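Chemist: only the shape, not the letters, is given here:
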């Protein structure tokens with residue numbers, strides 16, 4: 001499933017095409033994705049202007065000039081493709097993904113400028129909804145979310161409070177969206193390795209100084225992934241159809257059996273199942 005950097009990369013790709021634009025045409029080619037589309041989905045969006053495109057956790061948010069916000073989640077295989085009348089080259093230094101199958105083109109947005117944004121989703125695990133903007137933070141999807149990991153609200157103090165007295169490992173807790181929003185398996189493995197913290201250590205026993213390192217590592221790995229365009233796991237592609245390069249920079253994720261990249265560490269990257277997910281780590285330097 002796309003994680004925060006992938007969703008942020010998609011947001012950045014869509015923003016120049018959608019922000020400030022009025023939707024001249026909206027087409028829903030099926031009544032549902034993972035969940036049914038709202039009954040008034042096409043009517044509410046047609047003619048609406050997208051004021052701003054934002055991200056919250058792993059959600060894309062199109063703030064409208066009407067009372068609602070369009071909420072979009074990519075699920076496992078959701079992706080957007082952009083078609084522009086001028087036929088400009090796709091932006092970014094990336095390898096391009098294959099042309100998606102038209103039978104998986106489920107929702108189309110066309111702006112007054114003539115740009116078309118099509119949502120493809122072969123597995124249909126993604127979803128879209130219209131949420132009242134005035135009460136947005138009270139919606140069940142968002143009411144319990146923790147702070148964004150790139151915001152000032154996420155720091156060692158936040159982690160210390162959330163981890164206090166907890167016997168679970170820090171990886172398990174960092175994946176809890178109530179503690180911090182948007183983190184997933186890949187980048188938590190990467191951040192814990194950078195901070196040299198074991199995924200299995202009782203979180204409540206991690207010192208404040210090590211939590212400082214962890215907070216810094218989380219930010220660093222996310223910012224690097226965003227700058228590189230996200231990972232290319234599964235069917236993920238950028239909004240412009242391009243694949244990112246960040247997978248080539250993984251230090252531990254999916255690198256079982258390879259030497260630990262920390263200078264001077266003789267360890268070998270190991271993999272262990274943790275709550276049904278693969279955890280990649282160095283058993284020597286992650287304590």
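Modeler: Arrived safely, thanks for sending. In this text, all values refer to a predicted model and were calculated from it rather than measured experimentally.
Chemist: doesn't residue 268 make contact with residue 262?
Modeler: No - with contacts counted by CB atoms under 8 Å, residue 262 stays clear of residue 268, the gap being 11.8 Å. For every residue, glycine as well, the C-beta is placed using N, CA and C.
Chemist: if I look at those two, which residues touch both of them?
Modeler: When contacts are counted by CB atoms under 8 Å, 6 or more residues apart in numbering, residue 262 and residue 268 are jointly contacted by residue 282.
Chemist: so which of these two has more stuff around it?
Modeler: Taking other CB atoms under 10 Å, residue 262 and residue 268 do not tie; residue 262 has more neighbours (17 against 14).
Chemist: name the element the more buried one belongs to?
Modeler: Counting by DSSP states H and E, residue 262 is held by no secondary-structure element, helix or strand.
Chemist: cool, residue 23 as well?
Modeler: Judged by DSSP H and E, residue 23 forms part of strand 23-28.
Chemist: that strand pairs with which strands, parallel or anti?
Modeler: Counting by DSSP bridges, the strands paired with strand 23-28 are strand 105-111 (antiparallel).
Chemist: got the contact list for the strand it pairs with?
Modeler: In this structure, residues lying in contact with strand 105-111 by CB under 8 Å, 6+ apart are 17-18, 21-30, 33, 37, 45, 116-121, 124, 128.
Chemist: residues in contact with the closest residue in space to residue 210 that isn't next to it in sequence?
Modeler: The spatial neighbour of residue 210 that comes closest, neighbours along the chain excluded (CB to CB, 6 or more residues apart in numbering), is residue 197 at 6.0 Å. In this structure, residue 197 makes contact with 170, 206, 210, 213-214, 286-287, judged by CB under 8 Å, 6+ apart.
Chemist: now residue 197: how far from residue 173?
Modeler: Residue 197 sits at a distance of 12 Å from residue 173 (criterion: CB to CB, to the nearest Å).
Chemist: residues in contact with stretch 33-40?
Modeler: With CB under 8 Å, 6+ apart as the criterion, stretch 33-40 contacts 28, 31, 44, 73, 75, 106-107, 121, 124-130.
Chemist: of those residues, which is the nearest to residue 160?
Modeler: Ranking the contacts of stretch 33-40 by separation from residue 160, with CB to CB as the measure, puts residue 73 on top at 30.6 Å.
Chemist: neighbours of that closest one, how many?
Modeler: The local packing of residue 73 (other CB under 10 Å) involves 21 other residues.
Chemist: do I have it right that it meets residue 57?
Modeler: No - at 9.3 Å, residue 73 and residue 57 do not qualify as touching, with contact defined as CB under 8 Å.
Chemist: on that earlier part again, can you give me how far the very next helix or strand once past the strand holding residue 23 is from the chain middle?
Modeler: The element immediately downstream of strand 23-28 (helix or strand, assigned by DSSP H and E) is helix 41-45. In terms of CA atoms, centre = their mean, to the nearest Å, the centre of helix 41-45 is found 26 Å from the chain centre.
Chemist: buried sites along helix 41-45?
Modeler: Within helix 41-45, the residues scored as buried using 16 or more other CB atoms under 10 Å are 41, 44-45.
Chemist: which of the helices and strands in the protein ranks last by mean pLDDT?
Modeler: Between all helices and strands in the chain, the lowest mean by mean pLDDT, DSSP states H and E belongs to strand 95-96, at a mean of 36.
Chemist: who are the contact partners of residue 42?
Modeler: Shown here is residue 42, whose contacts under the criterion CB under 8 Å, 6+ apart are 26-28.
Chemist: which one of those residues is nearest residue 67?
Modeler: Distance ranking of the contacts of residue 42 against residue 67, using CB to CB, places residue 26 first at 16.8 Å.
Chemist: what residues are bridge-paired with that closest one?
Modeler: Here residue 26 sits in beta bridges with residue 109, going by DSSP bridges.
Chemist: is it true that it touches residue 45?
Modeler: Yes - using CB under 8 Å as the test, residue 26 is close enough to residue 45 to be in contact (4.4 Å).
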